[in-house]
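>>> output the structure for:
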Amino acid sequence: MRSNAMLLREARPDAEILVPSHDIERDKNQWRSASRDGIRFVNAIPVHKNLKWRGRLANRFDFLKSWRWPQPNLGHPYARDIASADALVSIGGDNYSLDYGLVSLFHFVNVAEFALRSEKPCALWAASVGPFDKEPRVVQQVVEHLQRLSLVSVRETNSYDYLRGKGLHSNLIQVADSAFALKPEPFDVSSFWPKTDKPVVGLNVSPLIQKYRARGEDPVVLRNEVVRFVQHAMGQGYHVLLVPHVVPLDGRVFNNDEIYMREILAEFSPPDSVSMPPSGLNASQLKYVISLCRFFIGARTHATIAAFSSSVPTISIAYSIKAKGINNDLFGHCRYVLETPDVGESSLKGALALLESEESQIRAALDQQVPKMREKAREGIQHFMRLL
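Here you go, the predicted model:
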């Protein structure tokens, strides 16, 4: 959101951007310059009860997935916020996928359809889209919805080729993830940075990847594999920096990198060559931290984009189309992608060895490609401005 706001305000310095939030006060505290950056936080739109009911029924009766999913009207104040706007921009990077289930997918479809019924231009913004083929009964509905959108901009070639194959043409463009343009925010890192000149390997492991592991696997298995890799890296002379990148501001456990990675940090006592940044860092500060690393291995897409855009050699732990697509666009291959089911001590050792052996080539490729990605992100803004 920070990078999108920056790019939008470059094109239209007077733009006001309404940002849905589930916790406005906490988000204001996290983004102290929000008002100066043109941001006004508004209440996030909840998932409509009709969609929740359809989801429960569809889980029991598969044929219901092919019936048209509900498109209920949005209540006040959500309808008022959309009515007050000139356009809707749907920025969730992978909301138009099956990663979070059908109810989540059709929630975002419903919000966009409401905007279209309100005669507002509606853009899906710099997203990874699909694939939807694991749920063949819904594919046609989703494709028809995407064809109705004013603009579908995707952030990598895999999504672009997939949607072209589904018949999208006139409203489809390829851009780059706006986070490539995010500006890092320097701050004092001395409290958690190594006091020696050891090279630093940044490591981000997300609790989200557990659901993409072998069915029934005890979560302790993956954690122990990661711990053994950290021990290996330390033995190779590295300091390992555990970098949580998605941390709910209310401290809840679900989808919380920090809680998950604290359990890894707790395995090391004293933690001489492993550390973790303090809680409460914002996205720009996290990018600054990642930019200081020698190498980075990460599961969260925007953690890896922070590394890529800082020319840090990076391995992406992939659980969906987005990591592979972004790597393909940067390097022309997926050799620096590690599939989630394959993550373990041995594969992580191999990933680090690959970064070591090809460090100079990776940095050279990033130095060449990242400016192009930033320019492609700005080109997407120009396409959007023409809608207005």
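
>>> hey, let's count contacts and neighbours off CA atoms from now on
Will do.

>>> quick one: buried residues of stretch 126-140?
Buried residues in stretch 126-140, defined by neighbour count with 16 or more other CA atoms under 10 Å: 126-132, 137-139.

>>> same check, this time on stretch 112-124
In stretch 112-124, counting by 16+ other CA under 10 Å, buried: 112-116, 120-124.

>>> following the helix or strand bottoming out on mean pLDDT in the chain, which helix or strand comes up?
Across the helices and strands of the chain, mean confidence by mean pLDDT, DSSP states H and E is lowest for helix 321-331: a mean of 89. Note on helix 321-331: by DSSP states H and E, the next helix or strand toward the C-terminus is strand 337-339.

>>> which other helices and strands contact that next one?
Helices and strands touching strand 337-339, as assessed by 3 or more CA pairs under 8 Å, 6 or more residues apart in numbering; DSSP states H and E, comprise strand 314-318, helix 321-331.

>>> and these: which comes nearest residue 152?
Smallest distance to residue 152 across the helices and strands packed on strand 337-339 (CA to CA): 15.7 Å, for helix 321-331.

>>> run the angle between the closest one and strand 314-318 for me.
Orientation note: helix 321-331 sits at an angle of 150 degrees relative to strand 314-318 (axes from the mean of the first three to the mean of the last three CA atoms, to 10 degrees).

>>> what about helix 321-331, distance to the chain center?
13 Å (CA atoms, centre = their mean, to the nearest Å).

>>> now do stretch 365-382
For stretch 365-382, the separation from the chain centroid amounts to 17 Å (computed by CA atoms, centre = their mean).

>>> so for that stretch, mean pLDDT?
Throughout stretch 365-382, pLDDT has a mean value of 94.

>>> which stretches of this structure form helices?
Counting by DSSP state H, residue ranges of the helices within the chain are 2-11, 24-30, 49-60, 78-84, 102-117, 139-148, 157-165, 219-235, 257-265, 283-291, 301-308, 321-331, 345-357, 359-387.

>>> helices or strands up against the second one?
The elements that helix 24-30 packs onto, with contact taken as 3+ CA pairs under 8 Å, 6+ apart, are strand 39-43.

>>> sheet partners, orientation included, of the strand it packs on?
strand 17-21 (parallel) (DSSP bridges).

>>> next, the angle helix 2-11 makes with the strand it pairs with.
Strand 17-21 and helix 2-11 meet at an angle of 170 degrees, taking the same axes, to 10 degrees as the criterion.

>>> buried set for strand 17-21?
Judged by neighbour count using 16+ other CA under 10 Å, the buried positions of strand 17-21 are 17-18, 21.

>>> in the stretch 1-150 of the chain, which segments are predicted with low confidence?
Along the stretch 1-150 of the chain, the model assigns pLDDT under 70 to no residue.
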